[in-house]
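Peer 1: generate a structure from the sequence data that follows.
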Amino acid sequence: MTARLLLDTSSLTYRAFFALPTSITAPDGRPVNAVRGYLDMTTRLVSDLSPEEVVHTFDADWRPAPRVAAYPGYKAARLPDPEGLPQQFDLLREVLDAFGALRAEAPGWEADDAIATLCERADPGDVVEVVTGDRDLLQLVRDGGDGQAIVRVLFTVKGVSALARFDDAAVRDKYGVPAARYADFAALRGDPSDGLPGVKGVGEKTARTLVGSYASLPELLADADAQTPRLAGALRDAGAYLAAMTEVVPVRRDVEVITHRAARDDAALDALAQRHNLDSPIRRMREALDA
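Peer 2: Numbers count the residues shown, from 1 in each chain. So this is what the prediction gives:
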């Protein structure tokens, strides 16, 4: 059995940028707040959970072509990264490589898909904890059994310091659907942050009821006439949208995942710490990893 921690690095770094002030800078004035926040979060997780393996997973493409082809509005209105963030991803990769950390990404796909594929590859009995700020990954949660690994999600509640742990019971308690049906629930309800409008007039309560009543979205659409006239019309109008969502919302569990791990280089860590004003977070992470 392996205890594995999969970090949605792209999502978490973005959240760290907004959780900490951009006044946290390197000596040359460039912000390093996102890197500091991400390193400190990783240190806390390693100290608290003692995982045997930690994987830092990056977006290779935050708007994958197959999802855009299925639904052109997918993330179409998302604003560019704020000034001061993009270069911090490069710095974070450099720091992680100096630590000898394991990085992963799926060419042409999002970090979500790389994480889902790594979960799928886990051995029976493995315990995988996914740390993310993206609710879409709740669909990965499973309690093990039937030759599967246990997968839980640690979801960021506030910044990157407070996390809520989701097993299947917690997903049911929060959203009223099993984790395995969360993608259908999300498609019906919609997700404005991803440019997904959902079905007109369908909120969380109705989405929960529909998911509980039908085994799949195609089955629901086939029985649209059994709903109230307003809901039946909304479902018929959303037929093409819901068909597209079957290619958009479910994470891919079968993509190519490329991993990279450099040899740990303590001299490089010392230089990075001094050059970028990261002495404290690098020291704390060293202590956690070496404990």
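Peer 1: any residues touching the helix or strand encompassing residue 116, and which ones?
Peer 2: Residue 116 belongs to helix 111-121 when elements are defined using DSSP states H and E. Contact with helix 111-121 is made by 4, 6, 8-11, 55, 57-60, 64, 104-106, 128, 130, 132, 134, 136-137, 140, 149, 151, 251-255, 257, as judged by C-beta atoms under 8 Å, 6 or more residues apart in numbering. From N, CA and C alone the C-beta is placed, and that goes for glycine too.
Peer 1: filter the residues you listed down to the buried ones, ChimeraX style.
Peer 2: Selection of buried members from the contacts of helix 111-121 for ChimeraX, criterion 16 or more other C-beta atoms under 10 Å:
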select :4,6,8,9,10,11,55,57,58,59,60,64,104,105,106,128,130,132,134,136,137,140,149,151,251,252,255,257
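Peer 1: residue ranges of the strands in the stretch 151-291 of the chain, please?
Peer 2: Using DSSP state E, counting those that start in this stretch, the strands of the stretch 151-291 of the chain run over 162-166, 258-260.
Peer 1: deepest in the core, which of those is it.
Peer 2: strand 162-166 (a mean of 15; mean count of other C-beta atoms under 10 Å).
Peer 1: partners of that strand, with directions?
Peer 2: Strand 162-166 has its sheet partners listed here by DSSP bridges as strand 148-158 (antiparallel).
Peer 1: next, the angle from the strand it pairs with to helix 111-121.
Peer 2: Note on geometry: by axes from the mean of the first three to the mean of the last three C-alpha atoms, to 10 degrees, strand 148-158 and helix 111-121 are set 150 degrees apart in direction.
Peer 1: got a list of contacts for strand 148-158?
Peer 2: By C-beta under 8 Å, 6+ apart, the surrounding residues in contact with strand 148-158 are 12, 15, 19, 45, 119, 122-133, 135, 137-138, 140-144, 162-167.
Peer 1: from the residues you listed, which land in strands?
Peer 2: Among the contacts of strand 148-158, the members falling in strands are 127-132, 142-144, 162-166 (criterion: DSSP state E).
Peer 1: of those, closest to residue 241?
Peer 2: Taking C-beta to C-beta as the measure, residue 241 lies nearest residue 132 of those, at 25.1 Å.
Peer 1: ok, the closest one to residue 203 distance?
Peer 2: Here residue 132 is placed at a distance of 24 Å from residue 203 (C-beta to C-beta, to the nearest Å).
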